[in-house]
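> Sequence and predicted structure are below.
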Amino acid sequence: MKISLTHPNRRTFKKTANLSGTVRVPGDKSMTHRAILFALLAEGTTRIEGWLNAADCRSSLEVAKQLGASVSFEQESLLIKGTGGSLKEPENVLDCGNSGTTIRLFSGAIASQVSFACLTGDDSLRRRPMGRVLKPLAEMGAIAYARSGSYAPFALIGQSPLSAIRYTLPVPSAQVKSAVMLAGLHAPKAGGVTTIIESQPSRDHTERMLLGFGVQVDMEKEGEKRYISIRAEQPLRATSVEIPGDASSAAFLLVAAAIVPDSDVTIEHVGLNPTRIGFLKVLQRMGAHVEILNQRESAGEPLGNVRVRYQPLSGTDILPEEIPSLIDEIPILAVAAAVAEGKTTIRGAGELRVKETDRILAMAKGLQTLGVHVEEADDGLTIIGGKLNGGVVDSFHDHRIAMSFAVAGLAAEQEVTIENWSAVDISFPTFSDLILELQRERKFE
Ligand SMILES: O=C(O)C1=C[C@@H](OP(=O)(O)O)[C@@H](O)[C@H](O)C1
Ligand SMILES: C=C(OP(=O)(O)O)C(=O)O
């Protein structure tokens, strides 16, 4: 007897008529991680509204519990009773799952506090470089022993007090910046002020949210260069945090609107932090009709509604200095480039090679399968736009690759099947539901 097996970990997306409607996307992932970690460090109970209930943030929540946080839920809100700054030594290994933000930011907090912690993650996280955080933390006085020198699992033996440092980030990374800032809160030696120097601005949610928890962060700008300074021994005080929708999740739906003819999609209540919305400028430059409406501010972060209407796109050059403001959106912008008229180049994006998977390789392979002319460079891609064919592509267990090819499927000539689809649960579990909603609301003309 022939048994036909279904593949629960595959999903197929087909060419669609226009997408239309107004939706909200789940909470910002970067902000949710920070809210959980800062609540753990604070004195009192923090209320977090609009948090992202997805696998990466649940990793942060589990790690926070092991370090002494008491967690409860009240309707949609997350309540975290903090430790007042004295973290508990964890009884077991801290499993950070697939989340780079969890492992790197929590390391910064652990470095001054916990006598022994061992941090690890899944197959993907254990391939990602950790030397970039362990090196500055060791310079401040913490002791780290890492597999092969710089990979998880690693043991972190916190030391107190740490020494303040002046640290120039070798790569623009908000995760490294945040880890050093958090260690700096407990680094009263060597002057007691830790300064991080970044030559390209990376996302600044840590700086903004720490202010809400009562911590003063000083920032000086010198052209694109920024000096971020934090004085030691500032206690965190519990607060309420309202988290807007994640601009990186919104990007998938907005690019879908930009490439599916006659679409008109609005995402409400989405974060518009300038360090995160480089992709909107690129989409505009490619010819998409982008509008930002009802812009306002909450908890120190700008937010608003973003409307994108279809207009045929043309290729563009995405420059190295733009990369930090759109680092997680490059896979979906590569899909936009694949349907745009003409050539798109992306350069200065070498960091993509050390994300959940090598995103340059994954996009090049997948787009080639769909018949696109793509050339890989060490630090980017060159894409000649045109029509997308169908095919079977692999997400390589990377949420952003999976959703990028799902959006490609909505505009491709034949269907696109994505292998290892379940990766979407990392950041955007409701992605397929929202696409369905925008298809249901579509205009019939
Ligand atoms: O700080 C953060 O929340 C993040 C920073 C970025 O990583 P890097 O710090 O490695 O650039 C980004 O790619 C990641 O998705 C989230
Ligand atoms: C790179 C990402 O996250 P992280 O580094 O936290 O795993 C991402 O969400 O695209």
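Nice, I can see it. Ligands and ions are numbered 1, 2, ... in the order given.
> got any ranges where this protein has weak pLDDT?
Applying pLDDT under 70 to the chain flags residues 1-7, 442-445.
> Between the two ends of stretch 94-102, how far is it?
In stretch 94-102, first residue to last residue: 10 Å (Cα to Cα, to the nearest Å).
> I'd like to know if it reaches ligand 1 anywhere along the stretch.
Yes - legend: contact between stretch 94-102 and ligand 1 by Cβ under 6 Å from any ligand atom is shown at 100-101. (Glycine included, C-beta is placed from N, CA and C.)
> With stretch 229-244 instead?
No - judged by Cβ under 6 Å from any ligand atom, stretch 229-244 makes no contact with ligand 1; its nearest approach is 12.5 Å.
> Any buried residues in that stretch, and which?
Residues of stretch 229-244 classed as buried: 229-232, 234, 236-239, 241-244 (neighbour count, 16 or more other Cβ atoms under 10 Å).
> tell me the two of these that are most distant?
Within these, two members stand farthest from each other by Cβ to Cβ: Ala232 and Pro244, at 30.8 Å.
> outside of the helix or strand encompassing Ile80, which residues touch it?
For Ile80, the host element (DSSP states H and E) is strand 77-81. Strand 77-81 is contacted by residues 35-36, 39-40, 44-49, 51, 61, 64, 69-73 when judged by Cβ atoms under 8 Å, 6 or more residues apart in numbering.
> returning to what we had before: got the buried residues of stretch 229-244 as a markdown table, with secondary structure columns?
Output for those, formatted as a markdown table (DSSP: H, G, I helix; E, B strand; the rest coil):
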| residue | secondary structure |
| --- | --- |
| Ser229 | strand |
| Ile230 | strand |
| Arg231 | strand |
| Ala232 | coil |
| Gln234 | coil |
| Leu236 | coil |
| Arg237 | strand |
| Ala238 | coil |
| Thr239 | coil |
| Val241 | strand |
| Glu242 | strand |
| Ile243 | coil |
| Pro244 | coil |
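> What's the local residue count around the closest residue to ligand 2 within the chain?
Proximity of the chain to ligand 2 (Cβ to the nearest ligand atom) peaks at Gly100, 2.7 Å away. Other residues within reach of Gly100, judged by other Cβ atoms under 10 Å, total 22.
> where's it relative to Glu351, distance?
Noted for Gly100: a distance of 11 Å to Glu351, by Cβ to Cβ, to the nearest Å.
> can you give me the helices for the chain?
Using DSSP state H, the helices assigned to the chain run over residues 29-41, 55-66, 100-110, 131-139, 174-184, 205-212, 247-259, 278-286, 330-339, 359-369, 399-411, 431-440.
> Show me which residues of the protein are close to ligand 1?
Within reach of ligand 1 by Cβ under 6 Å from any ligand atom, the chain has these residues: 30, 100-101, 173-175, 178, 202-203, 327-328, 351.
> Output those residues in CSV; the columns should cover distance to Arg440.
As requested, the residues of the chain next to ligand 1 are exported to CSV (distance: Cβ to Cβ, whole Å):
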residue, distance to Arg440
Ser30, 30
Gly100, 35
Thr101, 33
Ser173, 40
Ala174, 36
Gln175, 38
Ser178, 40
Ser202, 38
Arg203, 33
Ile327, 32
Asp328, 28
Glu351, 37
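> So Ser404 sits against Ala337, correct?
No - at 11.1 Å, Ser404 does not count as touching Ala337 under the criterion of Cβ atoms under 8 Å.
> Quick one: residues contacting Val180.
Each residue near Val180 by Cβ under 8 Å, 6+ apart is listed here: 108, 133, 136-137, 140, 165, 167, 194, 196.
> Closest to ligand 1 out of the residues you listed?
Distance to ligand 1 across these (Cβ to the nearest ligand atom) is lowest for Val133, with 9.6 Å.
> and that closest one, what is it in contact with?
By Cβ under 8 Å, 6+ apart, the contact set of Val133 is 104, 107-108, 175-176, 179-180.
> Tabulate these (CSV), appending distance to Ser249.
Below are the contacts of Val133 laid out as CSV (distance: Cβ to Cβ, whole Å):
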residue, distance to Ser249
Arg104, 21
Ser107, 26
Gly108, 25
Gln175, 19
Val176, 23
Ala179, 24
Val180, 27
